[in-house]
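K.L.:
What follows is a protein structure lacking sequence information:
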């Protein structure tokens, strides 16, 4: 066996090693780095890997740590954690639920709308699902909602945080795409090509996110029309009805102001993603103070949660950096390019294959794991084949969103069960299936009409 072929075999074996270790329960960050180092050592012994390449790991890790784009992650996480610990979500849900309360499915509409508002305010699925589960699930059960429908609405609304900006998923995908696009354009000698930024991706995801919200609302309306007993209206006193408009204005204004401050500054070209994240973090603290929910213990817990979540993301990033380096050193990039080039249908066929791979992986591993394993390896190949980078990033974001809902390891399912232990896991599985289908419908629409992802960035940026 030639050295090049042996290296390619080892590169493919790396994937087998990673997935075997993940299925065995090993932490993803240490799995990625550990498997990569083991195969680098083996490849060096066999003469198919240049060990001095490992010396570049330190500089790559430092580049990731000082990246202006990635600095936005802990800031957005902090913003989401602070909002989670305030009463803003609870006030929003109660008031919005009453505004739709006399309609069949009204509480479901309010959960989707509040979920979208929280998604645009936090960007964190866990925070939104847990908050919505604690607040809305008891209310929906009291209103005699079908448990499967209620759990599906809550988990699906929570996953909007991964498509509607600001989103940690879009930040990470955008960071990888930006580097891959620069690499591909430089190889072509095109040094004047406009960069693909996280801000572009935020703008590109706005319309698909709104379309998905519409699909969710249409599904609830269909259920309310065909089977109103599954989502009956809720009762509201005359006094609550009389003061409803005033209360809607009062509870809607603060989160809308925060959303406008964060997204408006990005889409208006007034701030980068990192700068808008700092605006959001300060704004979240101000809103918590306005609701008289701010205290030293609350801020301390918020900072600790932010540290834990951000550290998890960055440690996985370090492991993925090592994995990507060793994979390329063994000739894995050529393997990926040859595999995708051999798929019928050219660039479209290759793109569909990668998106299907990401969708299938979502049944078994976490969203961040998929990003760090798949995007750095396959995105450069797809860009070389001529795939539009902005459209590709939005499509990846849509497919990655499904990984939070797909059984058996959809994290949104586990978040909800963590706060609703009496709800059988099979009931939640049954509830999420229609919403997974709706997300696939959205992916089909963006595939058929790419302008859904590319039109807005050209207009506002």
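P.N.:
Received, thanks. Predicted model only: the values in this text are computed from it and were never measured.
K.L.:
Against residue 370, how distant is residue 200?
P.N.:
Using C-beta to C-beta, to the nearest Å, we find residue 200 at a distance of 21 Å from residue 370. (Each C-beta comes from the backbone N, C-alpha and C, glycine too.)
K.L.:
Just want to know which of those two has more residues nearby.
P.N.:
A direct count of neighbours by other C-beta atoms under 10 Å for residue 200 and residue 370 places residue 200 higher, at 25 against 22.
K.L.:
Can you report phi and psi for that one?
P.N.:
phi -60, psi -40 (degrees, to the nearest 10).
K.L.:
tell me the centre residue of this protein?
P.N.:
residue 162 (2.9 Å; C-alpha atoms, centre = their mean).
K.L.:
Run through the residues that contact it.
P.N.:
For residue 162, the contacting residues are 123, 125, 168, 169, 170, 367, 397, 400, 401, 404, by C-beta atoms under 8 Å, 6 or more residues apart in numbering.
K.L.:
quick one: it from residue 219, how far?
P.N.:
In terms of C-beta to C-beta, residue 162 sits 19 Å off from residue 219.
K.L.:
ditto for residue 164
P.N.:
Computed as C-beta to C-beta, the residue 164 to residue 219 distance reads 18 Å.
K.L.:
residue ranges with poor pLDDT in the stretch 351-461 of the chain?
P.N.:
The model of the stretch 351-461 of the chain has pLDDT under 70 over residues 409, 461.
K.L.:
give me that answer again for 90
P.N.:
Confidence mapping of the stretch 351-461 of the chain against pLDDT under 90 gives the ranges 357-387, 389, 400-429, 456-461.
K.L.:
and what of the chain?
P.N.:
1-146, 150, 154-155, 157-203, 226-348, 357-387, 389, 400-429, 456-461.
K.L.:
what's the following helix or strand after the helix ranked longest in the chain?
P.N.:
Longest helix in the chain by number of residues, with DSSP state H as the criterion: helix 296-329. Toward the C-terminus, helix 296-329 is succeeded by helix 332-341 as the next helix or strand (DSSP states H and E).
K.L.:
re earlier: relative to residue 173, how far out is the residue nearest to the centre of the chain?
P.N.:
10 Å.
K.L.:
can I assume residue 420 is in contact with residue 133?
P.N.:
Yes. Counting by C-beta atoms under 8 Å, residue 133 is a contact partner of residue 420 at 5.7 Å.
K.L.:
more neighbours, those two?
P.N.:
residue 133 (23 against 20).
K.L.:
how deep is residue 105 tucked in, by neighbour count?
P.N.:
Neighbourhood size, residue 105 [other C-beta under 10 Å]: 25.
K.L.:
Over to residue 52?
P.N.:
Residue 52 has 9 neighbouring residues, counting by other C-beta under 10 Å.
K.L.:
what's near enough to touch residue 431?
P.N.:
With contact set as C-beta under 8 Å, 6+ apart, residue 431 has these partners: 147, 148, 149, 150, 151, 152, 153, 155.
K.L.:
who's in contact with the first one?
P.N.:
Think residue 147. The neighbourhood of residue 147, defined by C-beta under 8 Å, 6+ apart, consists of 141, 423, 427, 431.
K.L.:
Which one of those sits in the busiest neighbourhood?
P.N.:
Result: residue 431 is most packed of the contacts of residue 147 (other C-beta under 10 Å), 24 neighbours.
K.L.:
nearest residue to it other than its sequence neighbours?
P.N.:
Leaving aside its sequence neighbours, residue 431 sits nearest to residue 152 (C-beta to C-beta, 6 or more residues apart in numbering; 3.1 Å).
K.L.:
After whichever strand or helix holds that neighbour, which helix or strand is next?
P.N.:
Using DSSP H and E, residue 152 maps to helix 147-159. Counting by DSSP H and E, the next helix or strand C-terminal to helix 147-159 is helix 168-187.
K.L.:
Counting neighbours, which bits of that following helix end up buried?
P.N.:
Buried positions in helix 168-187, judged by neighbour count with 16 or more other C-beta atoms under 10 Å: 168-181, 184-185.
K.L.:
Just the helices from the stretch 101-250 of the chain, written as ranges.
P.N.:
106-122, 125-142, 147-159, 168-187, 198-226, 238-242, 244-267 (DSSP state H, counting those that start in this stretch).
K.L.:
Of all those helices, which one is nearest residue 361?
P.N.:
Closest to residue 361 of these, according to C-beta to C-beta: helix 168-187, at 14.1 Å.
K.L.:
Now find how far off-centre that closest one is within its chain.
P.N.:
The chain centre lies 16 Å from the centre of helix 168-187; the measure is C-alpha atoms, centre = their mean, to the nearest Å.
K.L.:
Just say helix, strand or coil for residue 47.
P.N.:
Under the three-state scheme (DSSP: H, G, I helix; E, B strand; the rest coil), residue 47 adopts coil.
K.L.:
related to what we said a few turns ago, burial measure for the residue nearest to residue 431, as a count.
P.N.:
Other residues lying near residue 152 total 29 when counted by other C-beta under 10 Å.
K.L.:
cool, the one 5 residues further on as well?
P.N.:
For residue 157, the number of neighbouring residues by other C-beta under 10 Å comes to 28.
K.L.:
Name the nearest residue to it, ignoring sequence neighbours.
P.N.:
Among residues not flanking residue 157 along the chain, residue 115 sits closest, at 2.8 Å (C-beta to C-beta, 6+ apart).
K.L.:
give the contact list for the one you found.
P.N.:
Contact partners of residue 115, counting by C-beta under 8 Å, 6+ apart, are 128, 132, 154, 156, 157, 158, 160, 161.
K.L.:
what's near enough to touch the fourth one?
P.N.:
Contact analysis of residue 156 by C-beta under 8 Å, 6+ apart lists 112, 115, 216, 405, 412, 432, 435, 438.
K.L.:
if we can go back for a sec, between the contacts of residue 431, identify the one with the most neighbours.
P.N.:
With neighbours taken as other C-beta under 10 Å, the top of the contacts of residue 431 is residue 153, carrying 32 neighbours.
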